[in-house]
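Asker: sequence and predicted model, in that order:
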Amino acid sequence: MSEPKKMALIASKGTLDWAYPPFILASTAAAMDMEVAVFFTFYGLTLLKKDIKAKVAPATNPAMPMKMPFGPKGFQNFEWPMPNVLMGNVPGFETMATSLMKQTFKNKGVATIEELRDICIESDVKLIGCQMTMDVFGFEKSDFVDGVDIGGAATFLEFAAESDIQLFI
């Protein structure tokens, strides 16, 4: 019997919209019987914290459409009249956009980041927190959910070097 395929991911962003891809890809690959490791570094490391506080960041995402099916019925497809860069500077907009995106995901039956992360842990996806980033940001292993490994770039690269798929997210 042949060895299972391997997938290596690097998660470097911690905003709500960038939190979904590594967990969706990792959980899907695990469901396809692939061996998966995700290296969480820089702001992506916050996705391993017990309490995820990821928000939408419209000011830093110029591709975010200003017409989206966000929020409750009646407000869906509301078109924001200003460019993202300005909207990101409106007090409270980031919080409102985050709330609307979470509500829309819930309405569409999309799992939460925490649920996807739990699926990854239950599916034996190797979640590696970057030691250097922990040191720089002052995080402790106790800040993270159970099931997280701590390691440096070399730890991840050993796995990635033997992987069939490598992705930087």
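Answerer: Ah, there it is. Values in this document were obtained by computation on a predicted structure and should not be read as measured data.

Asker: endpoint to endpoint, stretch 124-137 covers what distance?
Answerer: 27 Å (C-alpha to C-alpha, to the nearest Å).

Asker: for stretch 2-13, that is, sorry about that
Answerer: 34 Å.

Asker: give me the mean pLDDT for that stretch.
Answerer: Computed over stretch 2-13, the mean pLDDT rounds to 95.

Asker: please apply the same query to stretch 161-169.
Answerer: Here the average pLDDT along stretch 161-169 is 96.

Asker: list the contacts of that stretch.
Answerer: For stretch 161-169, contacts defined as C-beta atoms under 8 Å, 6 or more residues apart in numbering pick out 5-13, 18, 21-22, 25, 29, 34, 37, 44, 160. C-beta here means a position set from N, CA and C on the backbone, and glycine is covered the same way.

Asker: next step: those restricted to helices.
Answerer: 18, 21-22, 25, 29, 160 (DSSP state H).

Asker: can you flag the buried ones in these?
Answerer: Among the ones in helices among the contacts of stretch 161-169, those classed as buried by 16 or more other C-beta atoms under 10 Å are 18, 22, 25, 29, 160.

Asker: contact partners for the second one?
Answerer: When you say that, I think you mean residue 22. Per C-beta under 8 Å, 6+ apart, neighbours of residue 22: 9, 11, 38, 40, 44, 47, 169.
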